[in-house]
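return a 3D structure for these sequence lines:
(2 chains)
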Amino acid sequence: ETGVTQTPRHLVMGMTNKKSLKCEQHLGHNAMYWYKQSAKKPLELMFVYNFKEQTENNSVPSRFSPECPNSSHLFLHLHTLQPEDSALYLCASSAERGEVVGNTIYFGEGSWLTVV
Amino acid sequence: AQTVTQSQPEMSVQEAETVTLSCTYDTSESDYYLFWYKQPPSRQMILVIRQEAYKQQNATENRFSVNFQKAAKSFSLKISDSQLGDAAMYFCAYRSADAGGTSYGKLTFGQGTILTVHP
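Presented below is the predicted three-dimensional model:
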């Protein structure tokens, strides 16, 4: 059992579809993240939210749109994706305390996305 | 920018034996954190062990220990008494201790090492 849950675990979508990935953390953390894991590439940070405010966007294409309605939930809205966007999308969270960083980042089980 | 390198794409070990996974990193920062994560076939990224750069003492978690050599920028993971459940992909990761700048919340991962445990 994990403190970070992701749904759906598997998603197949066409390039013209609109879908969303959902993440919920039950750890009382205040920071949440989306990471992308592609085959044969290191994990890449996509978005960072701290206290519901987006603090970082690592040059992610606009076809990926994050939403963080509260500190426990994070969404990744997907539209007009490309086949190269097929990957494992990992949600994560951590407890950050202002200027104190370095707290461990905990991951969910990931959502497998296939774009056809 | 920081980089993390794992030079062993695959490693294998016999059950109950010891194995060491290598990791080197490059950074100009003096304060940072290093992690080893395990990713089994379920794909969940599970924390194995964590090391603060300002601590000279090597971290230990049960059968898992690290050899942290700050000057050499090396952070290896030793797994003692290997078990079948240890089979997974292992990732070394770096996190800056800097609260500001563009590195906030960013874990920089290595390429991973696939560990096979033979019964």
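
C-alpha only now, for contacts and for neighbours.
Noted.

check contacts around the residue of chain B found nearest chain A.
Closest approach between chain B and chain A, counting by CA to the nearest CA: residue B:44, at 4.0 Å. Neighbouring residues of residue B:44 by CA atoms under 8 Å, 6 or more residues apart in numbering or on different chains: A:107, A:108, A:109, A:110.

go with 6 Å
For residue B:44, the contacting residues are A:108, A:109, by CA atoms under 6 Å, 6 or more residues apart in numbering or on different chains.

now it: which helix or strand?
Counting by DSSP states H and E, no helix or strand carries residue B:44.

how close does it sit to residue B:67?
Using CA to CA, to the nearest Å, we find residue B:44 at a distance of 25 Å from residue B:67.

again, but for residue A:5
Distance from residue A:5 to residue B:67, by CA to CA: 33 Å.

quick one: which of these two has more around it?
Taking other CA atoms under 10 Å in any protein chain shown, residue A:5 and residue B:67 do not tie; residue A:5 has more neighbours (22 against 18).

show me the shaky parts of the chain.
All of this is about chain A. A:1-2, A:52-53, A:55-56, A:58, A:97-102 (pLDDT under 70).

sorry, should have said chain B
Short version for chain B, where the test is pLDDT under 70: B:99-105.

residues of it that sit close to chain A?
Residues of chain B found near chain A (CA under 6 Å from any CA of the partner chain) are B:43, B:44, B:45, B:97, B:99, B:109, B:111.

which of these ranks first by neighbour count?
residue B:109 (26 neighbours).

bridged to the closest residue to that one other than its chain neighbours, which residues?
Closest residue in space to residue B:109, ignoring its immediate chain neighbours: residue B:93 at 4.3 Å, by CA to CA, 6 or more residues apart in numbering or on different chains. For residue B:93, the beta-bridge partners are residue B:35, residue B:109 (DSSP bridges).

wait, residue B:93 touches residue B:37, no?
No. Under the criterion of CA atoms under 6 Å, residue B:93 makes no contact with residue B:37, lying 7.5 Å away.
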